[in-house]
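*Asks:* give me the fold of what follows.
(chains A, B, C and D)
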Number of protein chains: 2
Amino acid sequence: MRSSAKPPSAKLPAKPRRRTARAPAAKPYHHGDLRRVLIDAALQLVGEGGPDAVSVREAARRAGVSPGAPFRHFPSRDALMNAVAEEAQRRFRAEIEAALAEAPASTPANKPLGRFRCLGLAYLRWAMRNPTHFEIISSRRFFDHDEAAGVSQDNAELIDLTERTLAEAFAQGQLRSADLKQVQIAGRALVYGFARMNIDGHFPRWGVAGADAERTAEAILDLFIEGIAKVPGKSA
Amino acid sequence: MRSSAKPPSAKLPAKPRRRTARAPAAKPYHHGDLRRVLIDAALQLVGEGGPDAVSVREAARRAGVSPGAPFRHFPSRDALMNAVAEEAQRRFRAEIEAALAEAPASTPANKPLGRFRCLGLAYLRWAMRNPTHFEIISSRRFFDHDEAAGVSQDNAELIDLTERTLAEAFAQGQLRSADLKQVQIAGRALVYGFARMNIDGHFPRWGVAGADAERTAEAILDLFIEGIAKVPGKSA
DNA sequence: TGTGAATGTAAGCAACGATTACACGGGTTG
DNA sequence: CAACCCGTGTAATCGTTGCTTACATTCACA
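*Replies:* Presented below is the predicted three-dimensional model:
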């Protein structure tokens, strides 16, 4: 991976120059906030080549630090990936909630389940535009499964939000089925499936971050909503 | 991985015993059909620990062969994984087509889209019962993307089958929407999403190969079909 | 001002994918 | 029957990886 091309002789010859001089950034022994930088580097690596492209050594390399340094902050590669996935999940949730905050609580009459639709749309948009980041948050293997409850609070919050939105729609008599659990799982499966099909390479025709993907995503989301909505749509 | 515990001295001391004697399986220099055995071993490794658990060396170890031997048959690990994925895909397709062959072409009147349902059900069942194998056929990265057309004939065949089945249902006036492409993608996304959520650990409550998974899968498939079917169901 | 804990480096381990040189032996030829 | 060729296996090796241990440095607090 990336032969780094640095002649080992050019290693700044270790002259013990007084650190208190006016060059404050002259390779201080202690990195400012290595943990943060490592997560960022790993996040970038994920963005470039997916989860498998993340190596502890490469992250250390990009942080300008020795190969063993990361292990002071993360006991294992998995722990690093865990932190990376948590960060991605945080951003994912933040964007979805922001999109939902913009949409008014009042659902337009001719667009039933408006908030649910908005939720799904924000989900799909983020997944389409950040495929590799979505990949690491979708595979739950990157999250800690040791904690009894834990396992990504952000994700549980998102699922809760979906359930509440759906229950809301049902309370307003917009749903055909009363089995909310099933509708919710079906909805999640649809959206999740589309997002994963995209990152798994099932839509080879679409270029990277193609607008086709987002339009199709919107279309099938509407198809699904139409299918679960109470009033049968009178037109296609 | 698996320290193998074999003292290197016990290596059968290379006495050139005449091979034509009555011990035909006395470690012949040439393995019978190594390629086949390697694929099987890798398939087994996938079954045990997912795609990441496959290493060329371990496959070689299980085949009782030196670490370099596999590279006579596969130019790289990716090539081996490719062959493994193709094999899994073949089995997947075979089972689905068998299930479909058992189902009669005549769809029961009160079960519209019967063949489509049968198709989806067979898909989901195989995915639930062979999660790790489904994983390697779902990630298209294990397939050759060099070939212009290729890319797993079995998969293309399966997609064709889905399209034909759906077109058939439409021709019989069973579909609400005329946009078959959308319905097909939505259906694939739903089923694919459910299968992937299962293998990605989104349903932690279900034990391995739990029957819950299959029942829920059936339920959401029916929910979807009800949503796209022309005649609205009169009860939940 | 000193000292311990936090945080970095250096060196090294085993396992991995992959390459190279070499050894074996079955099948086709003369 | 004999000679050879080439497909297939072995052995040794390289560079990279995750991870550990021993040591060095520096920050924060007493």
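*Asks:* how about the longest helix seen in chain A: buried residues?
*Replies:* In chain A, with assignment by DSSP state H, the single longest helix is helix A:77-102. Of the residues in helix A:77-102, those with enough neighbours to count as buried (16 or more other CB atoms under 10 Å in any protein chain shown) are A:77, A:80-89, A:92-93, A:95-97, A:99-100. (Glycine included, C-beta is placed from N, CA and C.)
*Asks:* is that helix in proximity to DNA strand D?
*Replies:* Yes. Judged by CB under 7 Å from any atom of the strand, helix A:77-102 comes into contact with DNA strand D through A:77-78.
*Asks:* how about A:Ala88, nearest residue that isn't a chain neighbour?
*Replies:* Sequence neighbours aside, A:His133 is the residue nearest to A:Ala88 in space, at 4.5 Å (criterion: CB to CB, 6 or more residues apart in numbering or on different chains).
*Asks:* surely the one you found and A:Gln44 touch.
*Replies:* No. Using CB atoms under 8 Å as the test, A:His133 is too far from A:Gln44 to be in contact (10.4 Å).
*Asks:* out of the two, which sits in the busier spot?
*Replies:* Between A:His133 and A:Gln44, counted using other CB atoms under 10 Å in any protein chain shown, the more crowded position is A:His133 (24 against 15).
*Asks:* which elements pack onto the particular helix or strand that has the more buried one in it?
*Replies:* Assigning secondary structure by DSSP states H and E places A:His133 in helix A:131-138. Using 3 or more CB pairs under 8 Å, 6 or more residues apart in numbering or on different chains; DSSP states H and E as the contact criterion, the neighbours of helix A:131-138 among helices and strands are helix A:34-49, helix A:77-102, helix A:180-199.
*Asks:* is DNA strand D within reach of it?
*Replies:* No. Applying CB under 7 Å from any atom of the strand, one finds helix A:131-138 separated from DNA strand D by no less than 14.3 Å.
*Asks:* quick one: average pLDDT of that helix?
*Replies:* Averaging pLDDT along helix A:131-138 yields 97.
*Asks:* CA atoms only: put that helix into PDB for me.
*Replies:* Listed in PDB are the C-alpha atoms of helix A:131-138, where the atom choice follows Å, rounded to 0.1, in the frame of the first residue of the first chain:
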ATOM      1  CA  PRO A 131     -21.600   5.100   0.500                       C
ATOM      2  CA  THR A 132     -18.500   3.900   2.200                       C
ATOM      3  CA  HIS A 133     -19.400   5.600   5.400                       C
ATOM      4  CA  PHE A 134     -22.800   4.100   5.300                       C
ATOM      5  CA  GLU A 135     -21.200   0.800   4.800                       C
ATOM      6  CA  ILE A 136     -19.400   0.900   8.100                       C
ATOM      7  CA  ILE A 137     -22.400   1.900  10.000                       C
ATOM      8  CA  SER A 138     -24.600  -0.700   8.400                       C
END
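*Asks:* now do the buried residues in it.
*Replies:* Going by neighbour count (16+ other CB under 10 Å), the buried part of helix A:131-138 is A:131-138.
*Asks:* output stretch A:62-74 as CSV, nothing but the C-alphas.
*Replies:* Listed next in CSV are the C-alpha coordinates belonging to stretch A:62-74 (Å, rounded to 0.1, in the frame of the first residue of the first chain):
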residue,chain,number,x,y,z
ARG,A,62,-1.0,9.9,7.9
ALA,A,63,-1.0,11.2,11.5
GLY,A,64,2.8,11.4,11.2
VAL,A,65,3.3,9.0,14.1
SER,A,66,5.0,5.7,14.8
PRO,A,67,3.2,2.4,13.9
GLY,A,68,2.7,1.5,17.6
ALA,A,69,1.3,4.9,18.7
PRO,A,70,-2.3,4.2,17.8
PHE,A,71,-2.4,1.3,20.2
ARG,A,72,-2.0,3.8,23.1
HIS,A,73,-5.5,5.0,22.2
PHE,A,74,-7.2,1.9,20.8
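*Asks:* give the rounded mean pLDDT of that stretch.
*Replies:* For stretch A:62-74, the mean confidence score works out to 97.
*Asks:* hmm, who's touching it?
*Replies:* If you take CB atoms under 8 Å, 6 or more residues apart in numbering or on different chains as the criterion, stretch A:62-74 is touched by A:31, A:34-35, A:37-38, A:41, A:44-45, A:56-57, A:59-61, A:80, A:83.
*Asks:* can I get the buried part of these as one PyMOL selection?
*Replies:* A single PyMOL command is used to select the members of the contacts of stretch A:62-74 judged buried by 16+ other CB under 10 Å:
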select buried, chain A and resi 31+34+37+38+41+45+56+59+60+61+80+83
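*Asks:* nearest to DNA strand D among the buried residues of helix A:131-138?
*Replies:* Nearest to DNA strand D among the buried residues of helix A:131-138: A:Ile136, at 14.3 Å, using CB to the nearest atom of the strand.
*Asks:* could I get the pLDDT score of the nearest residue to the closest one once chain neighbours are set aside?
*Replies:* Counting by CB to CB, 6+ apart, A:Ile136 lies nearest to A:Ala85, which is 4.7 Å off, once chain neighbours are set aside. At A:Ala85, the pLDDT value in this model is 98.
*Asks:* residue contacts, A:Ala85?
*Replies:* Listed by CB under 8 Å, 6+ apart, the contact partners of A:Ala85 are A:136-137, A:142-143, A:152.
*Asks:* go on, A:Arg57?
*Replies:* Taking CB under 8 Å, 6+ apart as the definition of contact, the neighbours of A:Arg57 are A:Pro67.
*Asks:* can you tell me the helix or strand for it?
*Replies:* Of the helices and strands defined by DSSP H and E, A:Arg57 is found in helix A:56-62.
*Asks:* please apply the same query to A:Asp222.
*Replies:* Take DSSP H and E as the rule and A:Asp222 turns out to sit in helix A:211-228.
*Asks:* for that helix, the averaged confidence score.
*Replies:* The predicted model assigns helix A:211-228 a mean pLDDT of 93.
*Asks:* does chain B have contacts with it?
*Replies:* Yes. With CB under 8 Å from any CB of the partner chain as the criterion, chain B is reached by helix A:211-228 at A:216, A:219-220, A:223-224, A:226-228.
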